[in-house]
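Q: just to be clear, the model below is a prediction. Sequence and coordinates:
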Amino acid sequence: MSTTTATLQDVASVDEFLNVAATETVPLFEHLSFEFLRDYDVFAPASRGRTRVHQPPDLFCAFLHCYYEDVYGTRPVTRELKDGLVWYYCGLDKPPSRDTIDRFLTDLEHIIDDVFDQLVEQAAIRGLLDVTYSIDSTHITAIQYNDAASWNYDPTAEEYYYGFGCTIVSTGPKIPIAAEFTQSKQASKETAMRVTRDALAVKKPMWMLGDSAYDVLDWHDHLLAAGVVPVAPYNPRNTDDPKDIEYRVEARINEHSEDVQLKQSVLDKQYNHRTGVERTNDATKDCGLGHVRARGRVHARTEVFLTLCLRVVVAITNHERGDDPGREKLTL
């Protein structure tokens, strides 16, 4: 996004100026309030030192704009915010310095999980979550200068990549509702359980879908105890005495309940919806999830969760404007 002096000189009135100044990202700030960011202690003014010139809600809006426009990294973000129309519409009084941008990101690291949770709650309030959740892991490439990243193998793409991973639970119109940043695409059982618990804390679904990597007894039992039906393909390689079933839940229900029966056709129909999480991964990668430019693990994790926040905000904004919340961009 750029504006030339000649363009501004041709503007004859304030109204015309505002029309010229309007950007695609402006609606991102119209339907959600980010004032809750002021309540975090990490942003509280220091007892000694300079008062904050730029407020956390405005800087958060600035990052939403930059990520939407595929601008990442403290230097590029600082350059983007030198544009008078950009910093004005983000609510800033003047362009922030690179030190301000870097300090805000460092502070945000401490509370980014909670910020994401608050935005997901706003999506839930608007009825954007449905009764089917899906869980999956995806790969995230990193810059070669990030010493915290590592070489990993992605069996889906059948290739090695340098970077990290992210486990996501999604629902509704491509909305991520729980996530965890991991060292590689292949998440541990502990990570899967933690992300699953976080998702159930948002709102209890009827179904939870996962691929054969989630053929884990603890995962199934936790969901069944919560009143959720887990649907993950049975992996016969997990045992020396394989069962004649397609889904692990068939065996768990037979073992623990004499009254409940689930036809395999019903499970097949539900499992077909699992592609929703893959579409969510793709939509979130359009927000910057696919490649992190930050150095270090902590900075990279913050960048990942910022992209997740942006995806939720885009969905809510489209919904509020009467558009399909599953759209990956805003309508002009």
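A: Received the coordinates, thanks. Nothing here was measured: the structure is a model prediction, and the numbers come from that model.
Q: and for stretch 228-243, what's in contact with it?
A: 200, 204-215, 219-220, 223-224, 245-251, 262, 267, 270-271, 274 (Cβ atoms under 8 Å, 6 or more residues apart in numbering). The C-beta positions use only the backbone N, C-alpha and C, and glycine is treated the same way.
Q: out of the residues you listed, which sit inside helices?
A: Mapping these onto helices (DSSP state H) picks out 200, 219-220, 223-224, 248-251, 267, 270-271.
Q: can you put those in a markdown table and add distance to residue 115 and neighbour count?
A: Formatted as a markdown table, these follow (distance: Cβ to Cβ, whole Å; neighbours: other Cβ atoms under 10 Å):
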| residue | distance to residue 115 | neighbour count |
| --- | --- | --- |
| 200 | 20 | 20 |
| 219 | 27 | 21 |
| 220 | 31 | 24 |
| 223 | 27 | 25 |
| 224 | 32 | 18 |
| 248 | 35 | 24 |
| 249 | 34 | 23 |
| 250 | 40 | 19 |
| 251 | 40 | 15 |
| 267 | 36 | 21 |
| 270 | 32 | 18 |
| 271 | 33 | 19 |
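Q: lowest-confidence member of those, which is it?
A: pLDDT across the ones in helices among the contacts of stretch 228-243 is lowest for residue 251, at 76.
Q: surely that residue touches residue 221?
A: No: counting by Cβ atoms under 8 Å, residue 251 stays clear of residue 221, with 11.4 Å between them.
Q: quick one, longest strand in the protein?
A: strand 159-171 (DSSP state E).
Q: tell me which residues of that one come out buried.
A: Across strand 159-171, burial judged by 16 or more other Cβ atoms under 10 Å covers 161, 163-171.
Q: now swap in stretch 67-74 and tell me
A: Buried, per 16+ other Cβ under 10 Å, within stretch 67-74: 67-69, 71-74.
Q: check stretch 197-211 too.
A: 198-200, 202-203, 205, 207-211.
Q: could you do stretch 97-110 as well?
A: 100-105, 107-109.
Q: need the residues that contact that stretch.
A: Contacts of stretch 97-110 (Cβ under 8 Å, 6+ apart): 40, 42-43, 53-54, 56, 59-60, 63, 74-75, 77-78, 81, 96, 115, 298-299, 301-302, 306.
Q: next one: that stretch to chain centre, how far?
A: 20 Å (Cα atoms, centre = their mean, to the nearest Å).
Q: ok so, going back, chain center to the longest strand of the chain, what's the gap?
A: 12 Å.
Q: picking up where we left off before, if we only consider the buried residues of stretch 197-211, which is nearest to residue 189?
A: residue 210 (11.9 Å; Cβ to Cβ).
Q: where exactly do the strands run in the stretch 51-200 of the chain?
A: 132-142, 150-154, 159-171, 175-182 (DSSP state E, counting those that start in this stretch).
Q: can you redo those strands as TSV with mean pLDDT and distance to residue 280?
A: Formatted as TSV, these follow (pLDDT from 0 to 100; distance: least, Cβ to Cβ, whole Å):
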stretch	mean pLDDT	distance to residue 280
strand 132-142	92	8
strand 150-154	90	18
strand 159-171	93	4
strand 175-182	95	6
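Q: mind putting these into a markdown table with distance to residue 26?
A: Rendered in a markdown table, the data for those read as follows (distance: least, Cβ to Cβ, whole Å):
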| stretch | distance to residue 26 |
| --- | --- |
| strand 132-142 | 29 |
| strand 150-154 | 37 |
| strand 159-171 | 27 |
| strand 175-182 | 22 |
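Q: for residue 279, find the nearest of those.
A: Closest of the strands of the stretch 51-200 of the chain to residue 279 is strand 159-171, at 8.2 Å (criterion: Cβ to Cβ).
Q: got the angle for that closest one vs strand 175-182?
A: 140 degrees (axes from the mean of the first three to the mean of the last three Cα atoms, to 10 degrees).
Q: quick one: list the elements packing against strand 159-171.
A: strand 132-142, strand 150-154, strand 175-182, helix 189-202, helix 275-285, strand 291-292, helix 297-320 (3 or more Cβ pairs under 8 Å, 6 or more residues apart in numbering; DSSP states H and E).
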